[in-house]
Structure formats: structure tokens, C-alpha cells
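Student: Have a look at this prediction, sequence included:
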Amino acid sequence: MDTEVKVVDDKKIEIRNKILIIEEAMRKIPGAFIGDSDNCPLKHTFVDGAYVREIFMPKGMLITSKIHKFKHPYFVLKGDVSVMTEDGPVRIKAPFAGVTPVGTKRLLYTHEDTVWITVHVTKETDLDKIENEVIAKSFKELGIETNESLEDEAIKLLEFVKEEICLG
């Protein structure tokens, strides 16, 4: 029984590492954008006790998300997107509703223009304070294991994207 759990954990660590590698490689591409951008416009809505964040992601984008500290709902209102998390790849077509587990970091490829909404429980209305409250700076901050040395995996990056992320 312990062996089965170890294998699952090793696979999750491997996928986390690959997502981090891809994100690091993307940062080095000339013209890549990091963080909030006019390329993927955001809409912020505040209601009593919650922050609703809507992002528009154009067709053909490869995007990584931040690491989420808390479980929260999300909704895909429009589009078709392949998503990789430590639990493996899925293809989501709107309309879709799901729950983001603690520690989730996603790698997304948009097959169509996509609208994705997340809802975070918070009384804050300051975006910087919300980010500090709901986003982890690293997996380590949450006690989630990754491989600190990412360079050894970089060669496998393109094959991983081709086989696991784009899903046809």
C-alpha cells in the first residue's frame, strides 16, 4: 500500500516540476508577459465576503497560474482549454464548474478564446493584499514537495507539452 502512495506522490512531484520548468522557460521567451497583462484582461468584482476574478485568455495561449493557498470554486464560461495540474491533464469545454484544491498550479493551453472565473473568500478589496492572502509564493510555503533543481528536466519540456498538455 505504501508503494502505491509513493508512486502517486512521485508522479505529482514530477508534474509540479515540469510545470515550474515550463514557466521558467516561458519567462525567457522574448516578448513573454508575466503577471497581469492587457493580453489577458482581468475583471475584478467584489461582493460581501468574496472577490471574483475573471480572466479572458485568447486562443493559442500557453499560460501558468499562480499557486493557490485555499480551496475555491472556478467557472469556465466560454472556451476550450487543456489544463495540466499535478493530477494530470484534462480538457475543459465551457460551460464548466469546478473546485481548485489547495496547492494547485495550472498550466493551460487555450484552444479557443476562454473566459475563466475564480471566486475567493476574503473581506479584502485591495488586490495586492488579496494576492498575498490567497496566493503562495512557492510550493514550499505550503509544505508541498518539488525538486529544487529544475535545469535537469528542461530537455524534456517540449515533449511534455506536445504529449501531455496540448491533448490534440
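Tutor: Now that the structure is in, tell me what you want to look at. Residues are numbered from 1 along each chain as shown.
Student: hey, where'd the helices end up in the protein?
Tutor: For the chain, the helices defined by DSSP state H occupy 2-27, 127-134, 157-160.
Student: low-confidence ranges in the chain?
Tutor: For the chain, the stretches with pLDDT under 70 are 1-8, 147-168.
Student: Name the residue closest to the centre of this protein, please.
Tutor: Of all residues in the chain, the one closest to the mean position by CA atoms, centre = their mean is R106, 2.2 Å from it.
Student: still on that earlier bit, nearest approach to I92 belongs to which of the helices of the chain?
Tutor: helix 2-27 (16.6 Å; CB to CB). Heads up, the C-betas are built off the backbone N, CA and C, glycines and all.
Student: which parts of that closest one are buried?
Tutor: 12-23, 26 (16 or more other CB atoms under 10 Å).
Student: who does it touch, helix- and strand-wise?
Tutor: strand 62-64, strand 80-85, strand 107-110, helix 157-160 (3 or more CB pairs under 8 Å, 6 or more residues apart in numbering; DSSP states H and E).
Student: who touches stretch 27-44?
Tutor: M26, Y51, V52, R53, E54, I55, F56, M57, P58, M61, I63, L127 (CB atoms under 8 Å, 6 or more residues apart in numbering).
Student: and what of stretch 56-67?
Tutor: Under CB under 8 Å, 6+ apart, the answer for stretch 56-67 is 19, 22-23, 26, 39-41, 79, 81, 103-116, 131, 135-139, 141-142, 161, 165.
Student: so who does the nearest residue to V90 once chain neighbours are set aside touch?
Tutor: Once flanking residues are discounted, V90 sits nearest to V83: 5.3 Å by CB to CB, 6 or more residues apart in numbering. Neighbouring residues of V83 by CB under 8 Å, 6+ apart: P89, V90, R91, I92, R106, L107, L108.
Student: Among those residues, the buried ones, what's the PyMOL command?
Tutor: In PyMOL, a selection of the buried entries from these looks like this (16+ other CB under 10 Å):
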select buried, resi 89+92+106+107+108
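Student: pretty sure F70 contacts G103?
Tutor: No - using CB atoms under 8 Å, F70 makes no contact with G103, being 9.8 Å away.
Student: Which positions within stretch 131-143 qualify as buried?
Tutor: For stretch 131-143, burial by neighbour count (16+ other CB under 10 Å) applies to E133, V134, A136, F139.
Student: For F96, state which of these is nearest.
Tutor: V134 (21.1 Å).
Student: quick one, what contacts the closest one?
Tutor: Contacts of V134 by CB under 8 Å, 6+ apart are H68, K69, F70, H72, H120, T122.
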